[in-house]
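Student: Sharing a model prediction with you, sequence too.
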Amino acid sequence: MRIHLIAIGGAAMHNLAIALNYNHHTVTGSDDEIYNPSKERLQKHGLLPETMGWNPDRITKDIDVIILGMHARKDNPELKQAKKLGLKIYSYPEYLFQHAKDKKRVVIAGSHGKTTTTSIILHVLKSNKIDFDYLVGAQIEGFDSMVRLSDAPLMVVEGDEYLSSPLDRRPKILHYKPHVTVITGIAWDHINVFPTFENYKSQFAKYIKTIEKGGTLFYYKDDEHVNDILKKIKKPTFEAEAYKAFESTLKDGKTIISNEKGKPVALGIFGKHNLENLRAAYLVCKKVGVTDAQFFKTIKSFKGAAKRLQLLHKTKNCLAYLDFAHAPSKVQATMNALKAQHPKRKLIACLELHTFSSLNKEFLTEYTRTMNAADKAIVYFSEHTLAMKKLPPITTDEVKAAFDHPNMEVVTDNAKMLSALKRFKWDNKNLVMMTSGNFGGLDLKKIAKGLIK
């Protein structure tokens with residue numbers, strides 16, 4: 001088929017384009033701006049648009065399918081032309097469902113832990129030579145792309161609750177109709193489209209209703225909001241099973257769990273939240289036919305997904321990590337994990353407020369005391385980013401008051417953040433940089449190496 005992607009530069013969209021191209025479709029795309037790594041990857045596969053911007057002349061009657069990304073607007077000139085010509089228009093979750101409608105569908109949903117849980121499942125399935133398609137939100141070691149589409153009988157999807165497209169204001173997860181699903185937990189996010197927590201929570205109530213008859217839901221046992229939703233379902237047509245974290249011990253800086261025979265298994269990941277993610281992945285893998293022996297043998301080699309407690313640099317008594325944590329629940333989970341793993345080391349934590357929610361004055365109090373496990377906290381936000389997102393200004397004092405941390409510095413200049421980090425004597429200290437952005441274009445790996453010598 002001939003397929004055109006409007007807003008091809010997005011993380012999921014450009015990976016989808018590469019997967020479609022690999023399957024011998026004729027793929028074209030457009031966007032107004034494309035940044036790395038999307039730009040380099042599209043260029044490598046011959047899919048980078050020759051010119052940036054929207055051009056309705058690109059849209060012709062011989063295009064079979066338009067896939068519309070969330071970055072485009074309702075009045076996009078190419079979208080208008082596609083509608084005028086009566087072309088078939090899908091959001092990417094709609095397209096994925098069309099591809100997977102005859103497959104067994106596994107969807108990992110929830111406000112946090114989705115990427116890691118999905119990544120563990122993918123790692124185990126691949127290591128055990130089980131054929132599957134997938135979509136995941138981060139790069140994983142051993143995988144060339146974040147999307148695979150084939151004739152495999154199984155599809156594993158990281159289920160994002162954000163909106164599907166400018167034409168479809170439903171969360172992406174509502175399209176997939178899973179046979180097996182996980183809900184890792186519910187914590188308010190995406191305030192720009194879900195203005196109240198109840199509105200956000202209701203999207204998961206709708207999602208649970210889309211589980212296929214006879215399907216299975218695994219959910220985190222101690223999440224009060226998932227439990228509340230499930231109590232209100234009078235006659236569920238699916239099986240629901242609660243889970244908790246694997247029990248573990250700490251030895252020589254390594255997290256140890258027990259396999260099916262009670263023998264120790266050393267992990268490449270750590271933290272209570274990751275042990276919860278691991279349990280969810282274990283249950284899903286068992287459900288799709290992975291044995292206990294297969295799971296515990298292959299989980300030892302899982303090192304995590306990109307930007308999820310990713311080790312940037314280490315010395316004998318210092319470690320520097322990069323983490324995608326940006327929502328309050330993710331920030332707190334990362335803080336607690338690092339402090340628990342290295343209780344005798346000082347923890348220095350830097351957080352960039354980058355998303356619509358995190359930069360919204362009404363949402364800031366959701367971060368109250370989320371960084372308190374850190375001995376020193378530095379919060380950075382860019383006034384330029386606020387302007388670009390057309391959000392009202394916030395002050396450094398407002399941010400500091402919202403976090404309520406006893407030893408916090410708030411800056412709007414990344415050079416000041418670097419100056420603050422350089423003042424520390426990096427001995428018996430750990431550093432974590434948390435962001436869904438890049439701290440104003442900084443090379444974080446280079447900075448970590450420069451600081452920790």
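Tutor: Received it, and whenever you're ready, just let me know what you need.

Student: Which parts of the stretch 51-200 of the chain are strands?
Tutor: Counting by DSSP state E, counting those that start in this stretch, one finds strands in the stretch 51-200 of the chain at the ranges 65-68, 88-91, 104-109, 133-135, 147-148, 154-158, 180-183.

Student: elements contacting the last one?
Tutor: What it means is strand 180-183. Under the contact definition 3 or more Cβ pairs under 8 Å, 6 or more residues apart in numbering; DSSP states H and E, strand 180-183 sits against strand 104-109, helix 197-208, strand 216-220, helix 272-287. Yep, even glycine has a C-beta here, placed from its N, CA and C like the rest.

Student: Distance from the chain centre to the second one, please.
Tutor: Right, helix 197-208. A distance of 18 Å separates the C-alpha centroid of helix 197-208 from that of its chain, computed with Cα atoms, centre = their mean, to the nearest Å.

Student: one step back: now the helices and strands packed on strand 180-183 in CSV, with distance to D252?
Tutor: Supplementary listing: these in CSV, determined by distance: least, Cβ to Cβ, whole Å:
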stretch, distance to D252
strand 104-109, 31
helix 197-208, 40
strand 216-220, 29
helix 272-287, 18
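
Student: thinking again about what came up before, between the strands of the stretch 51-200 of the chain, which one is closest to V379.
Tutor: Ranking the strands of the stretch 51-200 of the chain by distance to V379, with Cβ to Cβ as the measure, places strand 154-158 first at 27.6 Å.

Student: still on that earlier bit, and the strands of the stretch 51-200 of the chain as JSON lines, adding mean pLDDT?
Tutor: Formatted as JSON lines, those follow (pLDDT from 0 to 100):
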{"stretch": "strand 65-68", "mean pLDDT": "98"}
{"stretch": "strand 88-91", "mean pLDDT": "98"}
{"stretch": "strand 104-109", "mean pLDDT": "98"}
{"stretch": "strand 133-135", "mean pLDDT": "98"}
{"stretch": "strand 147-148", "mean pLDDT": "97"}
{"stretch": "strand 154-158", "mean pLDDT": "98"}
{"stretch": "strand 180-183", "mean pLDDT": "98"}
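
Student: Could you dump these into a markdown table with mean neighbour count and distance to T315 added?
Tutor: Supplementary listing: these in a markdown table, determined by neighbours: other Cβ atoms under 10 Å; distance: least, Cβ to Cβ, whole Å:
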| stretch | mean neighbour count | distance to T315 |
| --- | --- | --- |
| strand 65-68 | 22 | 46 |
| strand 88-91 | 19 | 46 |
| strand 104-109 | 26 | 35 |
| strand 133-135 | 25 | 36 |
| strand 147-148 | 22 | 37 |
| strand 154-158 | 25 | 34 |
| strand 180-183 | 27 | 37 |
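
Student: related to what we said a few turns ago, just name the most buried of the helices and strands packed on strand 180-183.
Tutor: The highest mean neighbour count among the helices and strands packed on strand 180-183, using mean count of other Cβ atoms under 10 Å, belongs to strand 104-109: a mean of 26.

Student: tell me the angle that one makes with strand 154-158.
Tutor: Relative orientation of strand 104-109 with respect to strand 154-158: 10 degrees, computed using axes from the mean of the first three to the mean of the last three Cα atoms, to 10 degrees.

Student: circling back: quick one, which of the strands of the stretch 51-200 of the chain gets closest to R170.
Tutor: Judged by Cβ to Cβ, the one of these that comes nearest to R170 is strand 88-91, at 8.8 Å.

Student: Now do that closest one: distance to the chain's middle.
Tutor: Centroid separation for strand 88-91 versus its chain: 24 Å, with Cα atoms, centre = their mean.

Student: Give the other helices and strands that it contacts.
Tutor: Using 3+ Cβ pairs under 8 Å, 6+ apart as the contact definition, the elements that strand 88-91 packs against are strand 65-68, helix 77-84.

Student: what about 10 Å?
Tutor: In this structure, strand 88-91 packs against strand 2-6, strand 65-68, helix 77-84, helix 92-100, with contacts taken as 3 or more Cβ pairs under 10 Å, 6 or more residues apart in numbering; DSSP states H and E.

Student: Is it possible to get CSV of these that adds distance to P264?
Tutor: Written out in CSV, the entries for those read as follows (distance: least, Cβ to Cβ, whole Å):
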stretch, distance to P264
strand 2-6, 47
strand 65-68, 47
helix 77-84, 55
helix 92-100, 38
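
Student: Looking at the helices and strands packed on strand 180-183, spot the one closest to L359.
Tutor: Taking Cβ to Cβ as the measure, the helices and strands packed on strand 180-183 were each checked against L359, and helix 197-208 came out nearest at 17.3 Å.

Student: Many thanks, we can stop here.
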